[in-house]
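>>> pasting the sequence and the predicted coordinates here, then a few questions.
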Number of protein chains: 2
Amino acid sequence: MSAPVISASNPVFPFHLVRADLERVEASILEQARAFDPGVEGYVSYVCKTSGKRIRPALAVLSGGATGGTHEGHTRLSVILELVHIASLVHDDIMDGADIRRAQPTAVAKWGSSLSVLLGDSLFAYALELATEFDDTHVCRTIARASRDVCTGEILQTQRRFDFNLSVTDYLKMIEMKTAALFAAASELGARLNHQPESVQVALRGYGLKLGTAYQIYDDCLDIVGDEKTVGKTLRTDLARGKLTLPILYLLEGATEAQKQKLNRMLLKGEPMDTTILAGIADYEGAVERAVKFAQNMLLEARADLGCLGASPHKQALEDIVGYLHNLLDQCRAIR
Amino acid sequence: MSAPVISASNPVFPFHLVRADLERVEASILEQARAFDPGVEGYVSYVCKTSGKRIRPALAVLSGGATGGTHEGHTRLSVILELVHIASLVHDDIMDGADIRRAQPTAVAKWGSSLSVLLGDSLFAYALELATEFDDTHVCRTIARASRDVCTGEILQTQRRFDFNLSVTDYLKMIEMKTAALFAAASELGARLNHQPESVQVALRGYGLKLGTAYQIYDDCLDIVGDEKTVGKTLRTDLARGKLTLPILYLLEGATEAQKQKLNRMLLKGEPMDTTILAGIADYEGAVERAVKFAQNMLLEARADLGCLGASPHKQALEDIVGYLHNLLDQCRAIR
């Protein structure tokens, strides 16, 4: 399959509407580096330039645009959420021992893990410091809560590697925390900054949560059926690290005892050949198909959450994202 | 020397006045673990029980007691500052590869660095989430800022290891961020939560900043002249890790070119015998004495900052801490 990675800089992705907003966000993110001690500034600006696809900012400004228009608060919210995301990527790369991210050396590859631990911490602390500039403590609290969810989701995932008792419910809870929490904060708070009624904030939170969940399932499926050359990153890494994602959980559900033992052996060995075979089986048995369907249903629900919004180009763009991800998921169905 | 480590649980230390407050803080810290996901709770409660000496909580409640009395806000402030401190210890232990802290295995020794990175992150995010419960965003911002300072101070320290061009000014800035920032937040905000005038808050911030700086210099001197059996932790580790502390900076200042080269060689080799000899030379040349004097002068200034407070047993206790640390520093003077 030839799935382009979702990114705010991807011209296909329906973000043209908020290009000016995103440029302001980008400028502000790079400007934040200057708020750091001169000894730290270089590290901060490097990771800000080389990490993060700005999806969370895009959601925040689209949500703002769809509920009355964006203002300075949306830029700040976007910057904060992206900094939290970048901090989590810096720490993820330490844990995964990743050398390359978006074709650039990671912080851990360049400066080692000690400095990267501290760099992630600083970014994180700075993001939450910026959050306290909102007079509305609910905004600040929602951001802090989402940040904690990201960490908790990661801990749970680390803990449950190679755990064949992981249920689909546990998995969904994990990815909701790890990935969808920041999406949900972006869309909810984008509306809250425009003083929207509680019901609109709740609906947009629901939209972000479902979109983020579907996005993570797409990413998980891509790890199984994707083509490394097109996707531009190493694949089958979830399997090699024992991360049981939705397609694998479905595969396990449908397996006989003897098959389960075979899968178990392949997962535990985790050699490139084993993971490639495992991915092939998951695809062949229809487990990827089932995961794709689950995510697509979730996207339909996400779209329904937008029902509370009046018609606007920004609402349309929020719907287009759903449609775009739906198509990408369709492509996961096709055998490689 | 037989210096007891400063700790809120040390019966010699003048914290009896706030015992009830500190017990409430302790109960609340352990209770926080329950706010985490069940899969994470066990890790959180372990590090909360085995890390941190509760000095920052003691300062926060004493500052509250000296400015009108403590209330629920002081408990929350204390819990938050201690959680930030514990988070930083969890990450410090990863970087230092430390196996033991306060006679217990560290998180990194028990569960590895991946989980410990995430555990520190979660504690940190949770602490800042708790901070958003204060309606006063200045409180929240001061906590976030102090947390960032802790990380920045650590980064600078990591960066400047083995850097013979480190100036005393740079060193003082580093320890002010790394250690004194949370002390300053504790004493400043303890007064702010009692709606004290700006001048009192600023004075108490100054007190905390100077006390924290003197405390770090004491800790640095102890690393050089302390006796491992009495202190109860591995010493000469700063030297082995290339951390240039105040006594070493003073030693370098007074050294001839030839002596500098000798010191340089010993520091770079960093073998136990080298670091022991280096410590002996620093003591012999009066560099420890000079650092002790510097810290003691700083303590006199810290005591002067308390001038704005009316007489009270809590003010007396804040003065007693200064006196207590002054005495501990005196003991660093005595040749081992």
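Perfect, thanks for sending it.
>>> and the next helix or strand past whichever strand or helix holds residue A:275?
Using DSSP states H and E, residue A:275 sits in helix A:272-284. Sequence-wise, the next helix or strand downstream of helix A:272-284 (DSSP H and E) is helix A:287-305.
>>> run through who's touching that next one.
A:203-204, A:206-207, A:210-211, A:213-214, A:217-218, A:220-221, A:224-225, A:245-248, A:250-251, A:254, A:282, A:319, A:322, A:325-326, A:329-330, A:332-333 (CB atoms under 8 Å, 6 or more residues apart in numbering or on different chains). C-betas here are computed from N, CA, C, even on glycine.
>>> just the buried members of the residues you listed?
A:203-204, A:206-207, A:210-211, A:213-214, A:217-218, A:220-221, A:224-225, A:245-248, A:250-251, A:282, A:319, A:322, A:325-326, A:329, A:332-333 (16 or more other CB atoms under 10 Å in any protein chain shown).
>>> which of the residues you listed fall in helices?
A:203-204, A:206-207, A:210-211, A:213-214, A:217-218, A:220-221, A:224-225, A:246-248, A:250-251, A:282, A:319, A:322, A:325-326, A:329, A:332-333 (DSSP state H).
>>> all strands of the stretch 101-250 of chain A, in order?
Here the stretch 101-250 of chain A has its strands, by DSSP state E, counting those that start in this stretch, at A:104-105.
>>> what residue ranges in it score low on pLDDT?
A:229, A:231-233 (pLDDT under 70).
>>> helices of that one, start to end?
Taking DSSP state H, counting those that start in this stretch as the test, the helices found in the stretch 101-250 of chain A are A:107-131, A:137-159, A:168-175, A:181-192, A:198-225, A:228-231, A:237-240, A:246-253.
>>> please save the CA atoms from the fourth one in CSV.
Once side chains and other backbone atoms are set aside, the C-alpha atoms of helix A:181-192 remain, and they are given as CSV (Å, rounded to 0.1, in the frame of the first residue of the first chain):
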residue,chain,number,x,y,z
ALA,A,181,-6.1,12.2,25.1
LEU,A,182,-4.2,15.0,23.4
PHE,A,183,-6.4,14.9,20.3
ALA,A,184,-9.4,15.2,22.6
ALA,A,185,-7.9,18.1,24.6
ALA,A,186,-7.2,19.9,21.3
SER,A,187,-10.7,19.7,19.9
GLU,A,188,-12.4,20.3,23.3
LEU,A,189,-10.4,23.2,24.3
GLY,A,190,-10.4,24.8,20.8
ALA,A,191,-14.2,25.2,21.4
ARG,A,192,-13.9,26.1,25.1
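>>> tell me how far it is from the chain's mean position?
The chain centre lies 13 Å from the centre of helix A:181-192; the measure is CA atoms, centre = their mean, to the nearest Å.
>>> how about the fifth one?
Distance, stretch centre to chain centre, for helix A:198-225: 9 Å (CA atoms, centre = their mean).
>>> I figured residue A:278 hits residue A:267, correct?
Yes - the pair formed by residue A:278 and residue A:267 meets the contact definition of CB atoms under 8 Å, at 6.8 Å.
>>> how about residue A:136, nearest residue that isn't a chain neighbour?
Spatial nearest neighbour of residue A:136, excluding adjacent residues (CB to CB, 6 or more residues apart in numbering or on different chains): residue A:192 at 7.4 Å.
>>> what sits against residue A:86?
Shown in contact with residue A:86 (CB under 8 Å, 6+ apart): A:47-48, A:51-52, A:123.
>>> distance of the residue nearest to the spatial centre of chain A relative to residue B:134?
What sits nearest the mean C-alpha location of chain A, by CA atoms, centre = their mean, is residue A:179, with 4.4 Å. For residue A:179, the distance to residue B:134 (CB to CB, to the nearest Å) stands at 30 Å.
>>> kindly report the same for residue A:100.
Distance of residue A:100 to residue B:134, given as CB to CB: 42 Å.
>>> cool, residue A:289 as well?
Distance, residue A:289 to residue B:134, using CB to CB: 50 Å.
>>> which one's more surrounded, these two?
residue B:134 (22 against 16; other CB atoms under 10 Å in any protein chain shown).
>>> so who does that one touch?
With contact taken as CB under 8 Å, 6+ apart, residue B:134 is in contact with A:137, B:73, B:76, B:140.
>>> now whichever strand or helix holds the third one against helix A:107-131, angle please.
Think residue B:76. In the assignment (DSSP H and E), residue B:76 maps to helix B:72-96. Helix B:72-96 runs at 170 degrees relative to helix A:107-131, counting by axes from the mean of the first three to the mean of the last three CA atoms, to 10 degrees.
>>> distance from helix B:72-96 to the middle of the chain?
Offset of helix B:72-96 from its chain centre (CA atoms, centre = their mean): 11 Å.
>>> then stretch A:87-107?
Distance of stretch A:87-107 from the chain centroid (CA atoms, centre = their mean) equals 15 Å.
>>> cool, and stretch A:117-133?
Offset of stretch A:117-133 from its chain centre (CA atoms, centre = their mean): 19 Å.
>>> can you mark which positions in that stretch are buried?
Quick answer for stretch A:117-133 (16+ other CB under 10 Å): A:117-132.
>>> which of the residues you listed lies closest to residue B:80?
residue A:128 (11.9 Å; CB to CB).
>>> chain neighbours aside, what residue packs nearest to that closest one?
That would be residue B:128: by CB to CB, 6+ apart, it lies 4.4 Å from residue A:128.
>>> spell out which parts of the stretch 1-150 of chain A neighbour chain B.
Residues of the stretch 1-150 of chain A found near chain B (CB under 8 Å from any CB of the partner chain) are A:36-37, A:39-40, A:43, A:88, A:91, A:94-95, A:113-115, A:117-122, A:124-126, A:128-129, A:131-135, A:137, A:140-141, A:144-145, A:147-148, A:150.
>>> quick one, what contacts residue A:74?
So residue A:74 contacts A:21, A:60-61, A:64, A:190, A:193 (CB under 8 Å, 6+ apart).
>>> residue A:213 and residue A:174 touch, don't they?
No - contact between residue A:213 and residue A:174 fails when scored by CB under 8 Å: they sit 10.3 Å apart.
>>> so for stretch A:269-289, mean pLDDT?
Stretch A:269-289 shows a mean pLDDT of 85.
>>> quick one: residues contacting the residue nearest to residue A:178 when sequence neighbours are not counted.
Distances taken as CB to CB, 6+ apart put residue A:153 closest to residue A:178, at 3.0 Å, once the chain neighbours are dropped. By CB under 8 Å, 6+ apart, the contact set of residue A:153 is A:174-179, A:181.
>>> surely residue A:283 meets residue A:225?
Yes - under the criterion of CB under 8 Å, residue A:283 makes contact with residue A:225 at 5.5 Å.
>>> returning to what we had before: among the buried residues of stretch A:117-133, which one lies nearest to residue A:308?
In terms of CB to CB, no member of the buried residues of stretch A:117-133 lies closer to residue A:308 than residue A:131, at 25.9 Å.
>>> okay, now the residue nearest to residue A:268 when sequence neighbours are not counted: neighbour count?
Once flanking residues are discounted, residue A:268 sits nearest to residue A:162: 6.7 Å by CB to CB, 6+ apart. By other CB under 10 Å, 13 other residues sit near residue A:162.
>>> list phi and psi for residue A:162.
Dihedral pair for residue A:162: phi 60, psi 20, per degrees, to the nearest 10.
>>> so how far is chain B from the most far-flung residue of chain A relative to its centre?
The C-alpha centroid of chain A is most remote from residue A:258, which lies 35.1 Å away (CA atoms, centre = their mean). Look at residue A:258 and chain B: by CB to the nearest CB, to the nearest Å, they are 31 Å apart.
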